[in-house]
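A.B. asks: Got a predicted model here, sequence first, then my questions.
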Number of protein chains: 4
Amino acid sequence: MALKTYEQYLKSLRKMRPNIYKFDQPITDVTTDPATKCTVEGHAWTFKGAFDEKLKPLLTTKSHITGEEISRYLSIIMSAEDMYANSDMKRMMFHLTGTCTGGRCAGWCALNAMFPTTWEMDEANGTDYHKRLLTWLEKAQAEDITIAGAITDAKGDRTKSPSQQDDKDVYLHLKEKREDGIVVRGAKLMICGVAASNEIFVIPGSGYRENDADCAISFVIPRDIEGLTIVETRHPNDTRDEEEGFDNPVKEGGITQAFLFFEDVFIPNERVFMCGEHKYSMKAISYFIMPYRAAIGGCVAGQGDIKIGSSILTARTNGLNSKVFKDKLTQMHVNNETTYGLGIAAAARGKKHPSGAWLCDPLLSNVNKVHVATLPYDNSVLAQDIAGGIAETGCMPSYKDFKSKKYGHLIEKYMTAKHSGESRTRAARLVEWCTLGSGVPGCMHGGGSPDGAKLVIRSVADLESKVQMAKRLAGITEDMPEPT
Amino acid sequence: MALKTYEQYLKSLRKMRPNIYKFDQPITDVTTDPATKCTVEGHAWTFKGAFDEKLKPLLTTKSHITGEEISRYLSIIMSAEDMYANSDMKRMMFHLTGTCTGGRCAGWCALNAMFPTTWEMDEANGTDYHKRLLTWLEKAQAEDITIAGAITDAKGDRTKSPSQQDDKDVYLHLKEKREDGIVVRGAKLMICGVAASNEIFVIPGSGYRENDADCAISFVIPRDIEGLTIVETRHPNDTRDEEEGFDNPVKEGGITQAFLFFEDVFIPNERVFMCGEHKYSMKAISYFIMPYRAAIGGCVAGQGDIKIGSSILTARTNGLNSKVFKDKLTQMHVNNETTYGLGIAAAARGKKHPSGAWLCDPLLSNVNKVHVATLPYDNSVLAQDIAGGIAETGCMPSYKDFKSKKYGHLIEKYMTAKHSGESRTRAARLVEWCTLGSGVPGCMHGGGSPDGAKLVIRSVADLESKVQMAKRLAGITEDMPEPT
Amino acid sequence: MALKTYEQYLKSLRKMRPNIYKFDQPITDVTTDPATKCTVEGHAWTFKGAFDEKLKPLLTTKSHITGEEISRYLSIIMSAEDMYANSDMKRMMFHLTGTCTGGRCAGWCALNAMFPTTWEMDEANGTDYHKRLLTWLEKAQAEDITIAGAITDAKGDRTKSPSQQDDKDVYLHLKEKREDGIVVRGAKLMICGVAASNEIFVIPGSGYRENDADCAISFVIPRDIEGLTIVETRHPNDTRDEEEGFDNPVKEGGITQAFLFFEDVFIPNERVFMCGEHKYSMKAISYFIMPYRAAIGGCVAGQGDIKIGSSILTARTNGLNSKVFKDKLTQMHVNNETTYGLGIAAAARGKKHPSGAWLCDPLLSNVNKVHVATLPYDNSVLAQDIAGGIAETGCMPSYKDFKSKKYGHLIEKYMTAKHSGESRTRAARLVEWCTLGSGVPGCMHGGGSPDGAKLVIRSVADLESKVQMAKRLAGITEDMPEPT
Amino acid sequence: MALKTYEQYLKSLRKMRPNIYKFDQPITDVTTDPATKCTVEGHAWTFKGAFDEKLKPLLTTKSHITGEEISRYLSIIMSAEDMYANSDMKRMMFHLTGTCTGGRCAGWCALNAMFPTTWEMDEANGTDYHKRLLTWLEKAQAEDITIAGAITDAKGDRTKSPSQQDDKDVYLHLKEKREDGIVVRGAKLMICGVAASNEIFVIPGSGYRENDADCAISFVIPRDIEGLTIVETRHPNDTRDEEEGFDNPVKEGGITQAFLFFEDVFIPNERVFMCGEHKYSMKAISYFIMPYRAAIGGCVAGQGDIKIGSSILTARTNGLNSKVFKDKLTQMHVNNETTYGLGIAAAARGKKHPSGAWLCDPLLSNVNKVHVATLPYDNSVLAQDIAGGIAETGCMPSYKDFKSKKYGHLIEKYMTAKHSGESRTRAARLVEWCTLGSGVPGCMHGGGSPDGAKLVIRSVADLESKVQMAKRLAGITEDMPEPT
């Protein structure tokens, strides 16, 4: 098998052990349960699209291992062009699903983070992590599996390191090292798209010092592995997923974020890619966030395109030409292309790692993250501004009321403007959905907080070189070090 | 009766005809139905507070008619100090309920808009609207009723005037004028707090020309009047209102916005305050928006205070001192005091109308509205930034999961940081609630859109005087009129 | 004498000792020297205006001491209305002169700061500072003198207190206390409008502890007192002041900031208002910055009006209607009214001091200062955006070239658009002047830096009350103090 | 000759006819006249740098015609990498000179605009413009000349086309077509770096229709050609150029913008690259602005680096560590890398023209221009915020006062803080210079106004595709065209 079909993908999900829960109930079939169906259908576009002539060039590529056609989400990023395709694919996925299909991209970033990290560990320590990774990857590509990525630990008191915590489990850690594998304990929180995935790729949640070396672990596991319990979290308007009708307008797109509880989970050695090499934990994080924070510019631009489209659609139902909103639209385009473009720039100014991986520029990637933490909000405000009061808080009667035999005709009558009441409602619901509803992705803190990005910016920005340039221009000869 | 108690208020609501619907079901008791209970409890604070020594000074005042102690929401605003109290009361109401109790304040503004408008009509035309209004008001004060305000029409195609619309009903209009009263037809949409009100005060939705004089109508009606059907709209996370537990954290505060369908409703003359006097329709609007757009600065500042408090509360559960976020907190305070302060300024620079009403400054009121349309969003972003990923989209397990016998202990364990998992969840849920959930008020378009406010700004700003100042300073003597 | 005429004012300046220097030359007559003439003419509008029926109501008021008509700049601010007049007068002064007449307003603020401060010191310590102040003030009002205000010390290393500095003189301090007066030593820097003043009112530059009590001094001196050397600093395009023609378009307005060197200056007791009472030094600062930071909102709004007028004037010379720039103009108006309005709000929400002084609200005053530090820049950008390339950097040929016999006709020919080349040049020069030239006032750091204002905001904002409101709403009962 | 030395460059400038004027005086030697010396020295860095091992890789490249080593400013941009080098070189030039060396880059852009334009004209019309261009270019490269670029016409009334103007000369136009060449008449205004150039490359100032075909002209001329009169315009603090000392701190960097008057100038055919082909005038503009608006992101980032360096330098003289300003510094870095990065992105997403030229992406280039019109101002505000009051308006005594025998020692004494008074003055003067002085480049309107860029954004953004995406997601089937 090279590329899975839509049906094969759904089938692969159905056959897993039901270890996912929501509302204190097990989810026995993620492809039909209202809590997970939308996200599964969203992720399914990566399979449907692979068989669509127009979408395929972005969704697939060649394996650098076998030369076979594979899903781009299972590829190693080896050039600036691979990264451009990353940004473009993510933007397209938002166009298709309206929101984040984070289950694939975090897993992909985790894989691409561990590719150079394992290479470096093996070079330095003579381990065989990189080979393990390639062996696993070749099979993953052949089976065209979907892989979520898990990074964020529970973290407990943020002012304490893992070993200082009252409850050590708040960081996922090595509990036992056996001959044939390892046993881990703890949790990973807010993990995206797990319900739509076959496997989960785990990397360290932070850079660790020697005291906390037990937390420097990376591995990949089947989603339904023994000992793993998954609880899906809530998201805005999540119970509308269970309702009929267009109040949740998008059926083939949706986000889930889950809490993963590891109660002494055993992972065989061939699936372990880091085990205590704490010096490389920050490397892994760093290799993760660079492509992630670059390409997320494409994500939010993609949703920004939908915000533009849906707000103008609503304006049209009001009879208004887009020229009325030209300054707002221009600003929305500027916002979109700023995050998209900075992601491209981070890729363009990247460099080759000896392992073959392409490393994005850390300064530009993190500058992008800072914009990603605010510009999508600005676009939401502008979309609500254009679309008007009904979209601002979605204050329209429910679908059930719309269909009421008693007064449904009145709602239709009074929602009608330039276009039918239903079209107007659908358009406004889409604005609501992506600015205040189920379609809102967690872009601010996803992949790390903006404050974290600012820390990186300060650390890589080389302030002193700029001080020296200024000193030369000002004709100052006195020695002027940083005051203490 | 002077001031109603909490119990008397609830009782007054219970005895009304059940003409409110949601999800295609009648709401038989607004005080207990999950769709309306929270907003009723929120509005109820205006009654509970009137008997609380600390809250009373803002919530009550003296009637200018009788000198009796009355609810401030039923008073005529006659001085700058009355307006300051308006801003302060609204800010305090947000502190108490976390969100908007718009059912009272739109009605109050409508009353205060028609006070000078009826005075002017009577002066010019010899009508007796002002006397009618005072007669009704004296009784309303004595009975301490709650009054919603209804302005926004359905409006149909926004590029057409009422008489140009295909369906004339899209603007509420006079259908028939009888000896003893009038019959009206049409709808008012997105009307706040109707379920918590005893009566509804209706004013024209716009300024009208002669052709559209039938839309220049104002009156006050019992909420359960014959011929009126009310459908409550959805709001973010509205079905959580039906759930047990803390996923909707605030029980005594909530917003409703309703669609009001008038199917040939008869209103007796003594409750009619405008009927075809189209020249005064823009006056009514203008007298409405000035105090509304001034005092709303207090509203959003009040919610901003809750955003500050809840985000810092969440940070504390993470073990983090507020100093970590000092720049963000300062910005949040600046945002809050900007809208609050500009409302105060609009009041301070107001002037006395011959009727006795205090008119806020139109330029400063509308400048405030422009800020109100964006600064609360900025505060939401900052609150989510401070509170972290769990608050950004509320991606925490549900209350039901929290209480699960199977894995609830794991959620508690991993949500625990500096404080208990429950406190942490509650704090983060409150951030979610007021930035992305049920607590989000419709401040951008409520009381008119920011683009409408900008139109007013341009019309009152007197650009030419500034051009002349510059011309004098530049020493230009040539005549330089505006190019055509 | 009650109110001085323009001629009397100039005469009073001319008769002083020439202790002011610029470019290593003494300024023998400040009313004619190009370095000081513009600022003198600007300040002179406060005298000319007092005899103009339209301007007089803002420029004059009644003395609370004698009931006589006096310059408002010599009055004690005793009500919110006095503060509104303060804001309005300053805005008007910018309309008349295009820029800051800071020589009067800093002196006025210093006087109004020491009025309640001396009252408090006398109450607590039995001193007679307040009486001294009133005695001096009565005479100052009768003679209608102009008073600059001096606050900012040289300060040396910012991380050290006065007593820790290598050179103690970097803070102005008491050198010797004599029977009949005091001797002071040090400097005050960046003092505005000294050349246009008869006297200088000195207050402490900061709040001081006991170790630094020698710096807690306040007094008023003739500008030409023995031992005082004044050096005027540069300002943008300052040598254009010496040129003929319209390259510096404004002749009756201009800013100067001077360095004041006190080399053992003797001040008689009756002119000393604080001498070592370090506990009151922060009070003096605080009473200074509240009205200053409130009313400066009117200042920058007034210049904002000129930026609006001059940019639209330039657009008109290009043949363009102001509608082309309507969004930019709206934003400029919003910016102007935001700082003006917040100043009004700080006044409206002020309170009475037992001395009779009106104290502005510290939170709103300082929030205003934060806006004053950025919004005027935004208006400059917008003005340059509207006015186009010639205004952005003033890249037009000089007045001398304009008048060249060789090619002046070509400049006129090619500068001509809808209006004459000269009008177009004058309009664009005015935009340049107030956005990048001599008219740019030092509003960001004048009266203290925005970071200082932010410190005050944090100290008065009562964060804990907001945390408690949120805690109640979230239903949290656990004790949650600020983590350490 | 391949690459000119510094001395050869100066010599080449000295031997030209003195047709440049300022202050109604001819500039007989641009290398020594204070009005032009700084800009010449700034441009000279492009020659000095070509012989510096570290700077050379960016400043030189290979000729695609001869393969010889040439100045990059004379090269044809044929790949994304060439464009990256363009951005990097411009950023470096700002590091070296503190400001714009626009005389070279506008000429370079003009050349690169006419390269594909002439190719297209020749393809379509059988003309030989492209060959003429290559012939001239080969010689220009061999002689290593400096070329300014001239675009902006006088334009008269902005609401009228060239043929509608009262005075036809306000657009540079063809007056006569002779056998051997053409005669042109009119003016080009605000032309950068002419005084530092050997030749001037002229392109159309706009896209023209048939009626205005006479304005569709392009050619290259010696700067001192007969019939051309050049008047240098003013710039902020321009007379400080004539002063001794550090009040104008930068000696090897400076901007000039000139008015060029063409009084019947004859240009031989071999130097003419467009003559009436109006359909290609917009193409030329478009090919000019794309690389210009991409690479200018590097320019303003380069100056932003100096703003960072000089403000921190000033803070150090005050004894303050950069951590005090960390949020401001982060924002400055974000601003810098945003414009730099978007320029890189526009290059990365460019495409190959059949002529061989590399065309930057128009959407990203113009989005960058929008940022370039505001972010440098934000950085100026931040730099002034960090550097304090002395830098805000440069209110420090003059160099002459600093050296005064009478009181210079007092200035030194009181300017001294953590470092010497002179170092502190120099640092603050540099902040002033690049935020409010001679170093401020005209980035907002240079290369076209931000409003022009917004027009391009709207025209290339493909709004309809976004509306269609949203329509599909919302499940709307009704036809919904743009309302008219």
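C.D. replies: Cool, the structure landed.
A.B. asks: Only C-alpha atoms from now on, for both contacts and neighbour counts.
C.D. replies: OK.
A.B. asks: Excluding chain neighbours, what is closest to the closest residue to chain D within the stretch 201-350 of chain A?
C.D. replies: Among the residues of the stretch 201-350 of chain A, A:G309 lies closest to chain D, at 3.8 Å counting by CA to the nearest CA. Spatial nearest neighbour of A:G309, excluding adjacent residues (CA to CA, 6 or more residues apart in numbering or on different chains): D:V467 at 3.8 Å.
A.B. asks: Can you get me a residue count around that neighbour?
C.D. replies: Around D:V467 there are 24 other residues, counting by other CA atoms under 10 Å in any protein chain shown.
A.B. asks: Contacts for the helix or strand hosting it next, please.
C.D. replies: If you go by DSSP states H and E, D:V467 is part of helix D:463-474. Here helix D:463-474 makes contact (CA atoms under 8 Å, 6 or more residues apart in numbering or on different chains) with A:95-98, A:249-250, A:305-310, A:312-313, A:426-427, A:429-430, D:477.
A.B. asks: tell me the contacts of A:E41?
C.D. replies: By CA under 8 Å, 6+ apart, the contact list for A:E41 reads A:T31, A:K251, A:E252, A:G253, A:G254.
A.B. asks: Surely the fourth one and A:T97 touch.
C.D. replies: By that I understand A:G253. Yes: using CA atoms under 8 Å, A:G253 is in contact with A:T97, at 4.4 Å.
A.B. asks: tell me, what's touching these two both at once?
C.D. replies: A:G42.
A.B. asks: So between these two, which is more surrounded?
C.D. replies: A count of neighbours by other CA under 10 Å puts A:T97 above the other of A:G253 and A:T97, at 29 against 26.
A.B. asks: Could I get the phi/psi values of that one?
C.D. replies: Dihedral angles of A:T97 (phi, psi; degrees, to the nearest 10) stand at phi -110, psi -10.
A.B. asks: What residues does it make contact with?
C.D. replies: By CA under 8 Å, 6+ apart, the contact set of A:T97 is A:G42, A:W45, A:V250, A:E252, A:G253, A:G254, D:L473.
A.B. asks: Tell me the one of those residues nearest B:S63?
C.D. replies: Ranked by distance to B:S63 (CA to CA), the contacts of A:T97 are led by A:V250 at 52.7 Å.
A.B. asks: all strands of chain A, in order?
C.D. replies: For chain A, applying DSSP state E gives strands covering A:20-22, A:25-26, A:60-62, A:69-71, A:147-150, A:173-177, A:181-192, A:199-202, A:217-222, A:228-232, A:257-268, A:272-275, A:351-352, A:358-359.
A.B. asks: so which of the ones you listed is the most packed in?
C.D. replies: strand A:147-150 (a mean of 29; mean count of other CA atoms under 10 Å in any protein chain shown).
A.B. asks: in chain A, what residue is nearest chain C?
C.D. replies: A:D327 (8.2 Å).
A.B. asks: Please work out how many residues are found near that residue.
C.D. replies: When neighbours are counted by other CA under 10 Å, A:D327 comes out with 14.
A.B. asks: how far away is it from D:N366?
C.D. replies: Computed as CA to CA, to the nearest Å, the A:D327 to D:N366 distance reads 15 Å.
A.B. asks: residues contacting A:K188?
C.D. replies: Applying CA under 8 Å, 6+ apart, one finds that A:K188 lies in contact with A:A150, A:I151, A:T152, A:D153, A:A154, A:Y171, A:L172, A:F259, A:L260, A:F261.
A.B. asks: if you set the cut-off to 6 Å instead, what comes out?
C.D. replies: With contact set as CA atoms under 6 Å, 6 or more residues apart in numbering or on different chains, A:K188 has these partners: A:T152, A:D153, A:L260.
A.B. asks: Okay, and the beta partners of the second one?
C.D. replies: For A:D153, the residues forming beta bridges with it (DSSP bridges) are A:K188.
A.B. asks: Touching, A:M282 and A:G207? I think so.
C.D. replies: Yes: judged on CA atoms under 6 Å, A:M282 makes contact with A:G207 at a distance of 3.9 Å.
A.B. asks: List buried members of the contacts of A:E41 by neighbour count.
C.D. replies: A:T31, A:K251, A:E252, A:G253, A:G254 (16 or more other CA atoms under 10 Å in any protein chain shown).
A.B. asks: What score does the residue nearest to the fourth one when sequence neighbours are not counted have for pLDDT?
C.D. replies: Put plainly, it is A:G253. For A:G253, ignoring the flanking residues on the chain, the nearest one in space by CA to CA, 6+ apart is A:G42 at 3.9 Å. With respect to pLDDT, A:G42 scores 98.
A.B. asks: Understood, closing this out.
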